[in-house]
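Student: Structure for the following, please:
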Amino acid sequence: MNPTAPDRRDLAGRRARAGIVGGGRGAFIGAVHRIAAELDAGALVVAGALSSDPELARASAQDWLLERSYDSYVEMARAEAARADGIDFVIVATPNHLHAPVASVFLEHGIAVVCDKPLAHSLSEAEALAALVARSGLPFALTHNYTGYPMVREARERVRAGALGAIRKVLVEYQQDWLMEPLERTGQKQAHWRTDPARAGAGGCIGDIGTHAANLLEFVTGRQILALCADLTSFVPGRALDDDANILLRLEGGAKGTLSCSQVACGEENALSIRVYGTAAGLEWHQQEPNTLLFKPAHQPWARLRTASAGNSERARAATRIPAGHPEGYLEAFAVLYREFIADLRRRARGEPLLGGYPTVEDGLRGMRFIASAVESSRRGGQWLACAG
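Tutor: Next up, the predicted model:
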């Protein structure tokens, strides 16, 4: 840790100051993070190293009217740590191979981190980063943003309350079609790095959206994935990483599951969904209709639960901003995680325990174990392999 870093723990009466690495012109996710961080007036993005290209970084900073722009994240971490008005946390919105290096530099300078998923480029990197987070004592959030939806929170609370009985079966899937063609060969930035093992890591589709599906399953059910049997495929000729995955799962408590994800599923957009079946009831949620949760009690009519309904749990109501019937979605779900993370920054400033509620470095570490196990299982012809560690 940086012993000379100024004491910026006092957050009373002001917004948290945020910085961002990556996410400049040509990137989708950077603006999402900026909007989400600022949505509830909890933070203001004031500094950034928005690209590895210095000119593009400066131009992107001008687009966002940032107070300070840096040519490198190392320079940014050093300079912000030395300022009395330096950033309180950094947003890591880079390709996967930079997640751990960027997060580590800022943690070493005493600056908290919000990181895009997956946690790292490799499992060994993820393990080292998790150890650094533990030593630092700093809040660390991983943006599995789908956990921020009100009706996902409602589903989790119903499982926790025992409304489903004993969990038997879980089906989770995330289907897209945007990589049906070899888009990476056209120079499209997002496709190019996501299909490159040097920047994406060992998993393609499984790392990009499969980790979201796995995290959603564990978040809603409260059961970790213990073992898996995976069949990963690269359907597009010449593609170096998988673009489709079908996986059998064994969960804590004896439940079984399936996880299917694809980026070559013709006609699909962002079709993330989960179905959970217990001995007393089932439930079903679809990301493309996020304000609705189907609850299916045994031998009774289904209930169609809606965001902002009076009967929803406290956790679901806390994640809801607007009256019933108004659309509330992707950006707001991201913002829920930021709101909870910033609340923990303030608790730390007051010397209080962190409450969490958002995905952490431990969730990221399980995600990296999931990727590594799935890739290896498929390489071995679908052999069952342990996933939890």
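Student: Low-confidence bits of the stretch 1-150 of the chain, can you list those?
Tutor: 1-9 (pLDDT under 70).
Student: Which parts of it are strands?
Tutor: 16-22, 43-49, 68-69, 89-93, 112-115, 140-142 (DSSP state E, counting those that start in this stretch).
Student: partners of the first one, with directions?
Tutor: Read that as strand 16-22. Sheet pairing for strand 16-22, assigned by DSSP bridges, gives strand 43-49 (parallel), strand 89-93 (parallel).
Student: Return the most buried member of these.
Tutor: Comparing these by mean neighbour count (mean count of other Cβ atoms under 10 Å), strand 89-93 ranks first with a mean of 27. All C-beta spots, glycine's among them, are computed from the backbone N, C-alpha and C.
Student: Show me the contact partners of it.
Tutor: Contacts with strand 89-93, where a contact means Cβ atoms under 8 Å, 6 or more residues apart in numbering, come from 16, 18-23, 27, 29-30, 33-34, 37, 43, 45, 76-77, 80, 98-99, 102-103, 106, 111-116, 139, 341-342, 345.
Student: that older thread, relative to Ala319, which of the strands paired with strand 16-22 is closest?
Tutor: strand 43-49 (17.7 Å; Cβ to Cβ).
Student: Could you export the closest one as CSV, CA atoms only?
Tutor: Extracted C-alpha coordinates of strand 43-49, given in CSV (Å, rounded to 0.1, in the frame of the first residue of the first chain):
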residue,chain,number,x,y,z
ALA,A,43,-20.2,10.0,-7.3
LEU,A,44,-18.8,12.3,-10.0
VAL,A,45,-16.2,11.0,-12.5
VAL,A,46,-13.5,13.6,-12.5
ALA,A,47,-10.4,11.9,-14.0
GLY,A,48,-9.5,9.2,-16.5
ALA,A,49,-7.0,7.4,-18.6
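Student: How far away from the center of its chain is it?
Tutor: Centroid displacement of strand 43-49 relative to its chain, using Cα atoms, centre = their mean, to the nearest Å, is 20 Å.
Student: Touching that strand from outside, list them.
Tutor: 15-24, 34, 37-38, 57, 60-61, 64, 66-73, 75-76, 80, 87-89, 91, 338, 342.
Student: quick revisit: to Gly325, which of the strands paired with strand 16-22 lies closest?
Tutor: That would be, of these and by Cβ to Cβ, strand 43-49, which comes in at 28.9 Å.
Student: before we move on, back to that, export the strands of the stretch 1-150 of the chain to CSV and tack on distance to Ala202?
Tutor: Shown next, in CSV, are the strands of the stretch 1-150 of the chain (distance: least, Cβ to Cβ, whole Å):
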stretch, distance to Ala202
strand 16-22, 21
strand 43-49, 27
strand 68-69, 33
strand 89-93, 19
strand 112-115, 18
strand 140-142, 18
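Student: Quick one: closest of these to Gln224.
Tutor: Nearest of these (Cβ to Cβ): strand 140-142, 15.6 Å.
Student: residue with max distance from the center of the protein?
Tutor: His299 (36.3 Å; Cα atoms, centre = their mean).
Student: can you tell me how far that residue sits from Arg34?
Tutor: 49 Å (Cβ to Cβ, to the nearest Å).
Student: Let me see the domain layout of this structure.
Tutor: 16-146+342-359, 149-322+366-386 (automatic domain parsing).
Student: Of all these, which one is nearest Gly329?
Tutor: Among those, domain 149-322+366-386 sits nearest to Gly329 (Cβ to Cβ), with 5.6 Å.
Student: Show me the helices in the stretch 51-200 of the chain, by range?
Tutor: Remark: helices assigned in the stretch 51-200 of the chain by DSSP state H, counting those that start in this stretch are 54-63, 73-82, 99-108, 123-136, 150-160, 189-194, 197-200.
Student: Could you dump those into JSON lines and include mean neighbour count and distance to Glu376?
Tutor: Shown next, in JSON lines, are these (neighbours: other Cβ atoms under 10 Å; distance: least, Cβ to Cβ, whole Å):
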{"stretch": "helix 54-63", "mean neighbour count": "16", "distance to Glu376": "37"}
{"stretch": "helix 73-82", "mean neighbour count": "20", "distance to Glu376": "31"}
{"stretch": "helix 99-108", "mean neighbour count": "23", "distance to Glu376": "20"}
{"stretch": "helix 123-136", "mean neighbour count": "18", "distance to Glu376": "10"}
{"stretch": "helix 150-160", "mean neighbour count": "23", "distance to Glu376": "30"}
{"stretch": "helix 189-194", "mean neighbour count": "18", "distance to Glu376": "21"}
{"stretch": "helix 197-200", "mean neighbour count": "15", "distance to Glu376": "15"}
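Student: among the contacts of strand 89-93, which ones are buried?
Tutor: 16, 18-23, 27, 29-30, 33-34, 37, 43, 45, 76-77, 80, 98-99, 102-103, 106, 111-116, 139, 341-342, 345 (16 or more other Cβ atoms under 10 Å).
Student: contacting residues for the closest residue to Gly23 other than its chain neighbours?
Tutor: Spatial nearest neighbour of Gly23, chain neighbours left out: Gly30 (1.9 Å); criterion: Cβ to Cβ, 6 or more residues apart in numbering. Shown in contact with Gly30 (Cβ under 8 Å, 6+ apart): 20, 22-24, 50, 60, 93.
Student: Out of these, give me the two with the largest separation.
Tutor: Ser60 and Ala93 (11.3 Å).
Student: tell me the phi and psi of Thr143?
Tutor: phi -90, psi 70 (degrees, to the nearest 10).
Student: distance of it from Asp71?
Tutor: 25 Å.
Student: Brilliant, that's me finished.
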